[in-house]
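Q: heads up, no residue letters with this:
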Ligand SMILES: Nc1ncnc2c1ncn2[C@@H]1O[C@H](COP(=O)(O)OP(=O)(O)O)[C@@H](O)[C@H]1O
Ligand SMILES: [Mg+2]
């Protein structure tokens, strides 16, 4: 029987990213190839400096590869100018950061409505959509609060509402639980998973939080700019599980390192 396989929403072919620092060249990513299917929750794990943010920035069109090809939602990002890339990003990507990056003088609702300023929607419609997005993250009762009057977990939920308000294909999160306590971290991981389940969003997250292994569909392990495969990936996963206090691999959706083709 022939299975219908959906086009991957993200396809990365032989991507390298090098930075020149003084006389040195830093190989932030070396010859990474992978593809992520539409509607998956993918986690990129690895120690600090392993190239996780570099990879995420390439996928979200914030940065460009030194060599190789990045194709997202059918668009070859290499082909776009800076301006085109900014427009593309506004339409297709919702970004979530470790430190929330909310505007301190704006209410939750105004923070969430911000990305809609780039659309032709009326102000009333922008605010209405912001309220819907805040409802989805369970903050319908915090519309007029300023960020500093909210807990860290609530601020991150406002940031998630801001990331989904434009209805992007792709949600990209860089260490979204990095600044949260255990309970709030679990709530954010579970909310990201819910966005995939309820709305079919593709979520790509970078983290070194071993708890994330229980929420993602696919875990990719990076080390020193390389994407680990096979036994190397299994070993990295096992080390994370030990760090998370699990002796054995969990079962269910998050189990199993996805074999790279
Ligand atoms: N703008 C930059 N200029 C020079 N080196 C950089 C730059 N951004 C990242 N790097 C280097 O690339 C490597 C990978 O960085 P990064 O992707 O931020 O890692 P991670 O997110 O896994 O901690 C590190 O050695 C880092 O110092
Ligand atoms: Mg990083």
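A: Everything's here; your move. If you're wondering where the values come from, they're calculated on a predicted model, not measured in any experiment. Ligands and ions are numbered 1, 2, ... in the order given.
Q: which parts of the stretch 51-200 of the chain sit against ligand 1?
A: 51-54 (Cβ under 6 Å from any ligand atom). Placement of C-beta: from N, CA and C, glycine included.
Q: among the residues you listed, which are in helices?
A: Using DSSP state H, 52-54 are the members of these that sit in helices.
Q: Take the residues of the stretch 51-200 of the chain next to ligand 1 and write them to TSV, including neighbour count and pLDDT.
A: TSV is the format used below for those (neighbours: other Cβ atoms under 10 Å; pLDDT from 0 to 100):
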residue	neighbour count	pLDDT
51	24	96
52	25	96
53	18	96
54	24	97
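Q: Dump those residues into CSV; add distance to residue 14 as well.
A: Listed next are these as CSV, based on distance: Cβ to Cβ, whole Å:
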residue, distance to residue 14
51, 15
52, 18
53, 20
54, 15
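Q: for those residues, which one is nearest residue 216?
A: residue 52 (13.4 Å; Cβ to Cβ).
Q: quick one: the nearest residue to that closest one once chain neighbours are set aside and residue 154, what's the gap?
A: Spatial nearest neighbour of residue 52, excluding adjacent residues (Cβ to Cβ, 6 or more residues apart in numbering): residue 206 at 4.1 Å. Per Cβ to Cβ, to the nearest Å, residue 206 is found 22 Å from residue 154.
Q: which residue ranges form the helices in the stretch 151-261 of the chain?
A: Assigned by DSSP state H, counting those that start in this stretch, the helices in the stretch 151-261 of the chain fall at 152-164, 182-199, 230-243.
Q: Deepest-packed of those helices, please.
A: Of these, the one with the most neighbours on average (mean count of other Cβ atoms under 10 Å) is helix 152-164, at a mean of 24.
Q: packing partners for it?
A: strand 93-96, helix 108-113, helix 123-136, strand 170-174, helix 182-199 (3 or more Cβ pairs under 8 Å, 6 or more residues apart in numbering; DSSP states H and E).
Q: now the ones you listed as CSV including mean pLDDT?
A: Compiled in CSV, the helices and strands packed on helix 152-164 are given as follows (pLDDT from 0 to 100):
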stretch, mean pLDDT
strand 93-96, 96
helix 108-113, 98
helix 123-136, 98
strand 170-174, 97
helix 182-199, 95
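Q: Looking at those, which is nearest to residue 58?
A: Nearest to residue 58 among those is strand 170-174 (10.6 Å), distances taken as Cβ to Cβ.
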